[in-house]
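Show me how the following folds:
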Amino acid sequence: MEVFNTPSKIIVTCNRRLSPYLQGEIRRLGFDIKRGFATGVELMATVNDCIRLNLNLHCASQILYSLDTFSASNPNELYDRLLTLPWENLIAFNGYVSVTSNVNNPTISTPLFANLKVKDAIADRIKSKKGLRPDSGPDLHKTVVHLYWQDNQAEIFLDTSGETLAKHGYRKHPGKAPMLEALAAGVVYATAWDGQSTFVNPMCGSGTLAIEAALIATNRKPGLFRMNYAFMHILGYDEQVFFAERRKLKEQVNKKTQAKIIATDLSQEAVDIARMNAKTAGVDPLIDFHVCDFADTPLPDGPGAVVFNPEYGERLGIHTKLEATYARIGDFLKQQCAGKRGYVFTGNPDLAKKIGLHTSRRIEFYNGKLDCRLLEYEIYAGSRRTKNENPSDANLH
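Residues are numbered from 1 along each chain as shown. Coordinates of the predicted model:
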């Protein structure tokens, strides 16, 4: 089984509601998409193509290469089918394999049992051919196999990523309640920011939004921050393919971007962490950091995006302090951000109403399991809310 140059079905997974932005990235790389769905994208490609995808995508989580699709009504049928696959051509007898799964089968009470049957089939097959069993365990740092099993239909994949791609590797200091890097990239894409005008991130926390904006503006890909992927541990891997792709990443970095990126926070500690993360990502010269109240954020003239990711607490209950903060965010956008587009990312629609401005778009995201919105506001010079204007957004949901 030669997977590096043999096309097969590829599933690129992502967090819910990131699929439209992931599809855009994949198309820009020149791949044809067969199907998009809520948590990913399907296409046809080789494992060598997967190397390119792993290194380039900001919004992806895992990149899975399909080995076989089959019917299995119980664990024994699963084991018997997997035992027929030539695992000895994919995994070294002295290697290490881990198994992940998405299982919904009436005969399985825990996915761990399904994982065990997969490991047993792989190890037994390799031992029968090579005389030794590979090690196995939960770590995702070497060869990874993924089982998708719904009712009686099963599909087995090579996970070419291993550790999730959603963490981009530059954030050595996460800070408090950081936004996942893949989500932050999706938020930047959702603003349709042009990568040339101003990008302002008040209340920046650990700096993820500003850093992702800088990475996108300079065409820096996540593959620049990572040197281990699961595809490296599949038999037949040619490291020259990886290093050639990585050289392309370095060559395509745009060091002459005109983008102006500003990140501020009231906390000196948060700004210090954000600055360290930006340095690790290689974009610290592009970002102007300031310790100040968000209302004192310096704003250059001209167009651009102003993106807030404030705290949003619990969805229910009284938040007197947060209500005041959201009202001040609305005042700041209205009074100081004329000519720009304002954005507030929040999981609390009641607090969002305190902003007191009408949204031009409400873009759906999830932050973990929390249903969130990126609220867009077009700020016009001279606009004012009249005395009788309802500050709430009746359509916010």
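
In the stretch 1-150 of the chain, mark out all the helices, start to finish.
For the stretch 1-150 of the chain, applying DSSP state H, counting those that start in this stretch gives helices covering 19-28, 47-56, 75-82, 111-130.

now for the ones you listed, which one comes closest to A305?
The closest of the helices of the stretch 1-150 of the chain to A305 is helix 19-28. By CB to CB, the value is 15.3 Å. Heads up, the C-betas are built off the backbone N, CA and C, glycines and all.

buried ones in that closest one?
S19, Y21, L22, Q23, E25, I26 (16 or more other CB atoms under 10 Å).

Now do the contacts for the closest residue to S73 other than its chain neighbours.
In this structure, S73 finds its nearest non-sequential neighbour in N152, 4.9 Å apart by CB to CB, 6 or more residues apart in numbering. Contact partners of N152, counting by CB atoms under 8 Å, 6 or more residues apart in numbering, are S71, A72, S73, N105.

Which one of those residues sits in the busiest neighbourhood?
A72 (23 neighbours; other CB atoms under 10 Å).

Check whether that one really touches T107, as I assumed.
No: applying CB atoms under 8 Å, one finds A72 not in contact with T107, separated by 9.4 Å.

and of the contacts of N152, the nearest to L266?
N105 (50.8 Å).

Identify the residue nearest the closest one in space, chain neighbours excluded?
Spatial nearest neighbour of N105, chain neighbours left out: W149 (5.4 Å); criterion: CB to CB, 6+ apart.

Show me the strands in the stretch 51-200 of the chain, by range?
63-71, 96-104, 135-136, 143-150, 153-159, 198-201 (DSSP state E, counting those that start in this stretch).

out of these, deepest packed?
Compared across the strands of the stretch 51-200 of the chain, strand 198-201 shows the largest average neighbour count, a mean of 26 (mean count of other CB atoms under 10 Å).

Near R373, how many other residues are there?
20.

swap that for V241, please
Here the count is done by other CB under 10 Å, and V241 has 17 residues near it.

try G302
10.

What of E364?
12.

helices or strands up against the helix or strand that it is a member of?
Assessed by DSSP states H and E, E364 sits inside strand 361-367. Identification of packing neighbours for strand 361-367 by 3 or more CB pairs under 8 Å, 6 or more residues apart in numbering; DSSP states H and E yields helix 181-190, strand 370-378.

Now flag whichever of the contacts of N152 is closest to I234.
For the contacts of N152, the nearest to I234 is A72 (23.7 Å; CB to CB).

can you list the domains in the protein?
What automatic domain parsing lists as the domains of the chain is 8-159, 181-219+255-378.

In TSV, list those domains along with mean pLDDT and distance to Q240.
Shown next, in TSV, are these (pLDDT from 0 to 100; distance: least, CB to CB, whole Å):
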stretch	mean pLDDT	distance to Q240
domain 8-159	97	11
domain 181-219+255-378	94	23
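
Tabulate those (JSON lines), appending distance to N228.
Output for the domains of the chain, formatted as JSON lines (distance: least, CB to CB, whole Å):
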{"stretch": "domain 8-159", "distance to N228": "6"}
{"stretch": "domain 181-219+255-378", "distance to N228": "17"}
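
wait, which of those is closest to R247?
So among those, domain 8-159 is nearest, using CB to CB, at 10.8 Å.

for the closest one, the distance to its chain's centre please.
Relative to its chain's centre, domain 8-159 lies at 19 Å (CA atoms, centre = their mean, to the nearest Å).

most packed of the helices and strands packed on strand 361-367?
helix 181-190 (a mean of 26).

Buried residues in stretch 259-274, which are they?
A259, K260, I261, I262, A263, T264, D265, A270, V271, D272, I273, A274.

Farthest pair within the residues you listed?
Farthest apart among the buried residues of stretch 259-274 by CB to CB are A259 and D272. That separation is 22.8 Å.

which residue is nearest the centroid of this structure?
With distances taken as CA atoms, centre = their mean, A182 lies nearest the centre of the chain, 2.1 Å away.

Now that one: closest residue in space that isn't a chain neighbour?
A166 (3.8 Å).

With G137 instead?
S98 (6.0 Å).

so who does that neighbour touch?
S136, G137, P138, D139, L140, K142, T143, V144, V145.

Just tell me which of the domains of the chain ends up closest to G175.
Here domain 181-219+255-378 is closest among the domains of the chain (CB to CB), at 3.1 Å.

Now Y170: phi and psi?
As for Y170, its main-chain torsions (degrees, to the nearest 10) stand at phi -90, psi -10.

what's the spacing between it and A184?
To A184, Y170 is 12 Å away according to CB to CB, to the nearest Å.

Overlap in contacts, the two.
By CB under 8 Å, 6+ apart, the residues touching both Y170 and A184 are I211.

still on that earlier bit, got the buried residues of helix 19-28 as TSV, with distance to N94 columns?
Formatted as TSV, the buried residues of helix 19-28 follow (distance: CB to CB, whole Å):
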residue	distance to N94
S19	39
Y21	40
L22	36
Q23	40
E25	37
I26	35
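
from the residues you listed, which is closest to I329?
Nearest member of the buried residues of helix 19-28 to I329, counting by CB to CB, is Y21, at 24.4 Å.

dump the residue contacts of that closest one.
H58, C59, A185, G186, Y189, A190.

7 Å instead, please
C59, G186, Y189, A190 (CB atoms under 7 Å, 6 or more residues apart in numbering).

Likewise for T297?
With CB under 7 Å, 6+ apart, T297 has these contacts: V200, P202, I262, T264, H290.

With distance to K279 and secondary structure added, can I get these in JSON lines?
Listed next are those as JSON lines, based on distance: CB to CB, whole Å; DSSP: H, G, I helix; E, B strand; the rest coil:
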{"residue": "V200", "distance to K279": "20", "secondary structure": "strand"}
{"residue": "P202", "distance to K279": "21", "secondary structure": "coil"}
{"residue": "I262", "distance to K279": "17", "secondary structure": "strand"}
{"residue": "T264", "distance to K279": "17", "secondary structure": "strand"}
{"residue": "H290", "distance to K279": "16", "secondary structure": "strand"}
